Structures are given as structure tokens and as C-alpha cells.
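> Need a 3D model of the sequence below.
(2 chains)
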2 protein chains.
Amino acid sequence: MKIANDLYLRASLGEKIERYPVWLMRQAGRILPEYRAVRASVSGFKELAETPELAAEVTVQPVDLLGVDAAIIFSDILVVPDAMGLPYQMIEKKGPWFENTIRDEADLKILDQNIDVEDRLSYVLQALSITKKELNGRVPLIGFAGAPWTILCYMVEGSGSKTFSETRKLLYTKPKLAHELLQRITDVTIAYLRAQLKHGADALQLFDSWAGILGHKQYQEFGMQYIQQVVNAIDGPFTVFSKGAYSALPALMDLSCTTIGLDWNMSIEQARSLAGERKTLQGNLDPCVLYGSEASIERETLELLNTFKSQRHIVNLGHGVYPDIKPEHVKAFIKTVKNYEI
Amino acid sequence: MKIANDLYLRASLGEKIERYPVWLMRQAGRILPEYRAVRASVSGFKELAETPELAAEVTVQPVDLLGVDAAIIFSDILVVPDAMGLPYQMIEKKGPWFENTIRDEADLKILDQNIDVEDRLSYVLQALSITKKELNGRVPLIGFAGAPWTILCYMVEGSGSKTFSETRKLLYTKPKLAHELLQRITDVTIAYLRAQLKHGADALQLFDSWAGILGHKQYQEFGMQYIQQVVNAIDGPFTVFSKGAYSALPALMDLSCTTIGLDWNMSIEQARSLAGERKTLQGNLDPCVLYGSEASIERETLELLNTFKSQRHIVNLGHGVYPDIKPEHVKAFIKTVKNYEI
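Got it, this is the predicted structure:
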């Protein structure tokens, strides 16, 4: 199906664009009252994510209500460990929690092997198919997964953490186990991303939320090596977002993906000088800018746009939009980008 | 009083040393069974920190038991907001918690002004004097404070946070209030650090634990500007540790302090090339290395030491030592540094 507004795809591929495309990480499922109404009709986050019709509904909402240039499927990166046999719960105001964790070779027996991703994650794939139909070619649909290192963090730690020291401990005490797990996660992730493309995703994004807690050498060994495997297995528009991975930026620019996501602490100029015209850069307005007045949102957004020296940009925040941001403020951000002349 | 082992001071000032000095952030009050025995005799962290004899006792323990080349006073950066009229509690397994926070101009009235730091923080100053006496000139004694930005984070947020979005929101919505608070914190911090020098501290360290959550421009405006005021007001060995402040590294090297602390994700080579011989670098072994075997601790420590091209180094971890690290493993780290020939 021809996509009417394909700015996101063209910017990803380095083709000519009339204006910069814009969307927000976490645009589905956080800020809209219309989302909260759907959310209130179910028992919790997981039921919503596992009910394809509802997941599709909240995925399409920001396209209708905010006018973003891309939709991203409402889901969670933790569906992958869940599919591998390590189920999670999403605890209100606390975040994800796993009853079982993998900290020892003996724990590997908990995990299922040779799983059929299309079966176990059929709810996400169905949500993609329904969304694709409901979008009816208006904007591209983005699928996603967590990067293997970030998924390992949750499988070992069992919850969020400031330091993920249990996981980092494993890298020193049981590096073989860490690599075994990372490889299993990588294989499932590749199958999952391919299935997403088959079921309607036009583009993909890999989220390495905890990239920033590893030193350079360890991120090469336990992070980048597996990201590279994933990237090499996938064609088409593909964004790698390694949050906080400053020292890995040069290596990220050498990946075969189309797009690199930048967090709000990274410098657009520095990233562009590393990337040249090889990569599209996505980001990176500080999400806290959206707490300011509409005038200051416009000013800060223009300041960001004025740093762009290339057409290879997709405008986004440098982190997921925070839950207490007013939709009107998001609209001021989007309007500023749409009115900006390249 | 002449200090017998003054390696830490000489390395700070760029004087000749026979071997690299070594100590650990959080060496007092986390890992030693002898500390836990003292801790069990009181109601909680705060009582211990506010009882000068006991604070001094746990400060000296790592000098006796681990053989570190410096002592750091057992205290907390949050004594400063406490002294300003914003008391905190330290909640077991949760961290600090403030009943009141400053989020509005009207909240400023909660704070006391023109406070006498020597009175309000006399318990820390007494602990320093007692420690100084008990050390009896064996090794230098380090005093410390939080950097103004990090203290602001707690005063606005009221607890730890992954994103400190309430505080970052303030920077966009009420920048004047943020600056007013930062200036008040800075003034108290300068008075407090000077008092520490007067009461026995031989050197000082400023901890900017949350430097890494601000983008470059905001860290200049709300972080570095106030660090510079503090640094300019203090003479002698002084370390600034801005965790995660990658993009501020060049500006940090221009400060008039003697030493820059590096977290475990920072590159010694890169920091040295920015600093030249103007600064002593402190750090930066990944604290998780100490989870490994003694052989691997020795190997990783040697790998770090081999990257040093200058005498201006103080060896430390790149973060506070984690609570579940075995003292024997810390000793293996210290022994490796002490046996290393410059």
C-alpha cells in the first residue's frame, strides 16, 4: 500500500524531503486522555498490550489527535523475555517485575528454546496488522524491540534498577552465561523483528535503554556485538537508539542501519560530524522542554532545528514523552516542526 | 601535623610520587562487617552520621582494615539541605526522603537564611576533628559536599529519581527560582567546605551525582556555573566528580581545582588528552570488577594502571563501592595498586 505521508521513510533512507518528519517516543499510551479512557477499561498495562484491537486503537490515537508523521505500535520491549519463558508483570507506579531471573547456568532450564515467535507474540503481530489496516496508508507504522543488552538487564535483575549491578556482576563472574543468554535473546529478537515487518511494520527501532551503564570496552563486547547481528539481519528503515552510549557513537555510525537515535544529552553537531551523510539522526529535544510555555517550546524547538545541517533528520524527543506532559504542549512542538522551512 | 603517607596529597598537587595512591568512594559505611557492627548499635543511618564519635570510628576503619591511602569522612551530601531547613530521612532500602520540597517561590519561606553552618553542621565538623586526631597523621582526611545541582535535585524532587523530571521541569518553567536556590546552596556549600578545612579536612571533594541527566547547555548554566563559584572559593587539594558529565569534560579541565574524578564509563586516555598535566585524574575502575575473582580483579586493575601516562593519578573506583562486595576483593584491588611500579 502506498503511504500518503512517507516523510519518515524518506528521511530514514536519505531521500529528499519537503520538511522534517516528527513523532514522539511513547506517544501511544502515556499522555492522551483518550488513551487513559481505553486503559481504564482493562485490568492493567498487560491486558491492554495483549488485546490486539485495543493496542491498535491506542497506537492510532496520536496520528489522529496529535498529527505525528509516524505511528509506533503500543507494546513493550519485555514481550521478548516473556516469549522466552520468563513472564513479567507491570506493577503500577513501580514498573516491570519478573518472578524468575537468570543468574546461574542452572536457571537456563527455565527458558524455552526454539520457540515459535509468530505464535507466542501473535498478539503483537495481530495488533500490527489491525493498526496497518486502520492507518489506511496515512503514515508509516514503526515496530520495535529492546536491544539484547537491555533485555539481558531485565532477565538478570528482574526489575528496573539504577545500577543494574547484578547484571554487570554477571559480565565479570559468568561472561559465558551472559554471552549464551545474549545470543538467545538476539536470535529471538531477529525472528520477532522479521515477523513484525511481515505483519505490517514499515520500519523498526531497537531500544538500548541501558547502554549508558557500561564502559566502552564492555559495551562493545556485550552490547554492540549483538546489535550488529540484529542490524545485519534486517533490511529497510531501522533506527538504533542506544541511550547514553556516548563513547559508542563512532561505532554506531558504522552499523548498517539507516538511523541513529540520540538522547537529549547528545550533541547533534557532534553526531553529524561522526555520521556525515551516512546516517539519519533522530531526536533529540529534552523531554522537559515540553513542561515550559508554548512560546518557550517553540523557541527551544527552533533552536534544535537550526542546528540541522542536513535533510537526514527525524525530529523526536531525546527520551520517551513524560506522562504528565499536556497534549497541547506536544502539539506546539509538532506544529513548530511542521512549519519549519528546510 | 605532618602526614606520614601523603601520597594522595602529592598526587593531587602534581608532585612526585613513588606509587599511585588508592582509596574508594563509600569505603566508610558500606562493606565492612566492623562497620555493620557499629551501624547495628544505633537506630539508623542518620543517628550514626550525627554522632561524631561513631562517624569518626567508621571513617577510620578502612584505613586500619583495608590500608587505603586516604580517609573520607562518613557523612552524606544531604546534610546541606538539612542545615538549610529541609530535613531528610534515610529510609532503609529506599534511600533519602524529604517531607517538604521546593517547587514554587512560596516554598522558599520554608528555608532558613543566613544560617550558621558551624553550628548547624557541628556534628560533621566534630567528627572531622575526632577523626583527624584518631588518624594521628597516618593518611590525609577528605571532606566533601554535594555539588549545587545535585543538591537542588533532591530539594525539588524530595527523593531519588531516575529522571529527576520535577527538577528539570523547574529549569524550564521557573529558571529564576532554580538560580535563586542554586545560589543559596552554593553559598552554604562554600561556608561548609571552608569549615571542614578548618576542622581537620586535608582535602575536599565535590560530588555531582546527577550531572549526567542534563544536556550540555543546561549543565553549563545550572551546574558548572555554581561548581566554578565553589572551586574558586577553595584552596588546596580539591576534586570535582561530575558523574556522567561527558560533554562537560573540557570545561571541567579548565576549573581551578586540582583533581577531576572520572566515572567508570569515561576514558582515561581521553580525559588525559583534555587535561594534559593541568589536572590529577581520579578513578575509574568499574565497581563491578570487584565482583570477579581476585585474579580477574588484578588483571582489570593492571589494565587500568597501564593506561596511565602521567603521575597525576589517584586510583579509585568509578562509583561508590557496592554494598555486597567482599572486603577481600577490595584488598586485592588495593594490593595490586600498591605493588604497581610507576
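> Tell me the confidence at A:Thr163?
pLDDT recorded at A:Thr163 is 86.
> how close does the residue lying closest to it once chain neighbours are set aside sit to A:Lys109?
Nearest in space to A:Thr163, with sequence neighbours left out and distances taken as C-beta to C-beta, 6 or more residues apart in numbering or on different chains, is A:Ile213 at 6.8 Å. C-beta here means a position set from N, CA and C on the backbone, and glycine is covered the same way. Separation of A:Ile213 from A:Lys109 (C-beta to C-beta, to the nearest Å): 28 Å.
> out of the two, which sits in the more crowded spot?
Per other C-beta atoms under 10 Å in any protein chain shown, whichever of A:Ile213 and A:Lys109 has more neighbours is A:Ile213, with 25 against 10.
> the helices in the stretch 201-342 of chain A, which residues?
Taking DSSP state H, counting those that start in this stretch to define them, one finds helices in the stretch 201-342 of chain A at A:216-219, A:225-233, A:249-253, A:268-275, A:294-305, A:327-339.
> looking at those, which is closest to A:Asn100?
Counting by C-beta to C-beta, A:Asn100 lies closest to helix A:225-233 out of those; the figure is 22.1 Å.
> Using a markdown table, lay out the helices of the stretch 201-342 of chain A together with mean neighbour count, mean pLDDT and distance to A:Ala147.
Listed next are these as a markdown table, based on neighbours: other C-beta atoms under 10 Å in any protein chain shown; pLDDT from 0 to 100; distance: least, C-beta to C-beta, whole Å:
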| stretch | mean neighbour count | mean pLDDT | distance to A:Ala147 |
| --- | --- | --- | --- |
| helix A:216-219 | 18 | 91 | 11 |
| helix A:225-233 | 19 | 98 | 5 |
| helix A:249-253 | 18 | 96 | 11 |
| helix A:268-275 | 16 | 95 | 18 |
| helix A:294-305 | 17 | 97 | 25 |
| helix A:327-339 | 18 | 98 | 26 |
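> Please produce CSV containing the ones you listed, extended by distance to chain B.
What follows is the helices of the stretch 201-342 of chain A, written out as CSV (distance: least, C-beta to the nearest C-beta, whole Å):
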stretch, distance to chain B
helix A:216-219, 6
helix A:225-233, 17
helix A:249-253, 10
helix A:268-275, 8
helix A:294-305, 6
helix A:327-339, 11
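> Looking at those helices, which is nearest to A:Ala40?
Closest among those, using C-beta to C-beta: helix A:327-339, at 17.1 Å.
> what separates the residue nearest the centre of chain A from chain B, distance-wise?
By C-alpha atoms, centre = their mean, chain A has its centre lying nearest to A:Phe207, at 4.3 Å. For A:Phe207, the distance to chain B equals 15 Å [C-beta to the nearest C-beta, to the nearest Å].
> how long is stretch A:60-74 end to end?
Stretch A:60-74 has an end-to-end distance of 9 Å (C-alpha to C-alpha, to the nearest Å).
> same deal with stretch A:23-41?
Termini of stretch A:23-41 sit 26 Å apart (C-alpha to C-alpha).
> can you check stretch A:140-152 too?
OK, stretch A:140-152 end separation, C-alpha to C-alpha: 30 Å.
> So is that stretch next to chain B?
No. Stretch A:140-152 does not reach chain B (C-beta under 8 Å from any C-beta of the partner chain); its nearest approach is 13.9 Å.
> taking the mean pLDDT, what do you get for that stretch?
On average, the pLDDT along stretch A:140-152 is 98.
> Return the distance of that stretch from the chain's centre.
Mean-position distance between stretch A:140-152 and its chain equals 6 Å (C-alpha atoms, centre = their mean, to the nearest Å).
> what comes up buried for that stretch?
Within stretch A:140-152, the residues that count as buried by 16 or more other C-beta atoms under 10 Å in any protein chain shown are A:140-152.
> Now render those as a markdown table, adding distance to A:Gln113 and secondary structure.
Formatted as a markdown table, those follow (distance: C-beta to C-beta, whole Å; DSSP: H, G, I helix; E, B strand; the rest coil):
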| residue | distance to A:Gln113 | secondary structure |
| --- | --- | --- |
| A:Pro140 | 34 | coil |
| A:Leu141 | 30 | strand |
| A:Ile142 | 29 | strand |
| A:Gly143 | 24 | strand |
| A:Phe144 | 24 | strand |
| A:Ala145 | 19 | strand |
| A:Gly146 | 19 | strand |
| A:Ala147 | 21 | coil |
| A:Pro148 | 16 | helix |
| A:Trp149 | 21 | helix |
| A:Thr150 | 21 | helix |
| A:Ile151 | 16 | helix |
| A:Leu152 | 17 | helix |
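> Between which two of those is the distance greatest?
Longest span within these, C-beta to C-beta: A:Pro140 and A:Leu152, 29.5 Å.
> And the strands in chain A?
A:71-72, A:88-91, A:95-98, A:141-146, A:203-208, A:238-242, A:259-261, A:280-285, A:313-317 (DSSP state E).
> What helices and strands are in contact with the shortest one?
Going back to what we said before, that points to strand A:71-72. With contacts taken as 3 or more C-beta pairs under 8 Å, 6 or more residues apart in numbering or on different chains; DSSP states H and E, strand A:71-72 sits against helix A:52-65, strand A:141-146.
> for A:Ala271, what are its contacts?
Going by C-beta atoms under 8 Å, 6 or more residues apart in numbering or on different chains, A:Ala271 touches A:249, A:253, A:260, A:262, A:281.
> So A:Met266 sits against A:Gly318, correct?
Yes. The criterion here is C-beta atoms under 8 Å, and A:Met266 meets it with A:Gly318 at 7.2 Å.
> Quick one, which of the helices of the stretch 201-342 of chain A gets closest to B:Pro237.
Here helix A:216-219 is closest among the helices of the stretch 201-342 of chain A (C-beta to C-beta), at 28.7 Å.
> what does chain A put close to chain B?
So far as C-beta under 8 Å from any C-beta goes, chain A lies against chain B at A:160, A:162-163, A:165, A:168-169, A:171-173, A:212-216, A:218, A:244, A:246-247, A:264-265, A:267, A:286-289, A:291-293, A:296, A:300, A:318-319, A:322.
> what's the single longest helix in chain A?
Counting by DSSP state H, the longest helix found in chain A is helix A:175-198.
> List of residues touching it?
Helix A:175-198 has contacts (C-beta under 8 Å, 6+ apart) with A:73, A:80-81, A:83-84, A:102, A:104-105, A:108, A:111, A:113, A:115, A:117-118, A:121, A:124-125, A:128, A:143-146, A:148-149, A:151-152, A:155-156, A:170-171, A:204, A:222, A:226, A:229-230, A:233-234, A:236.
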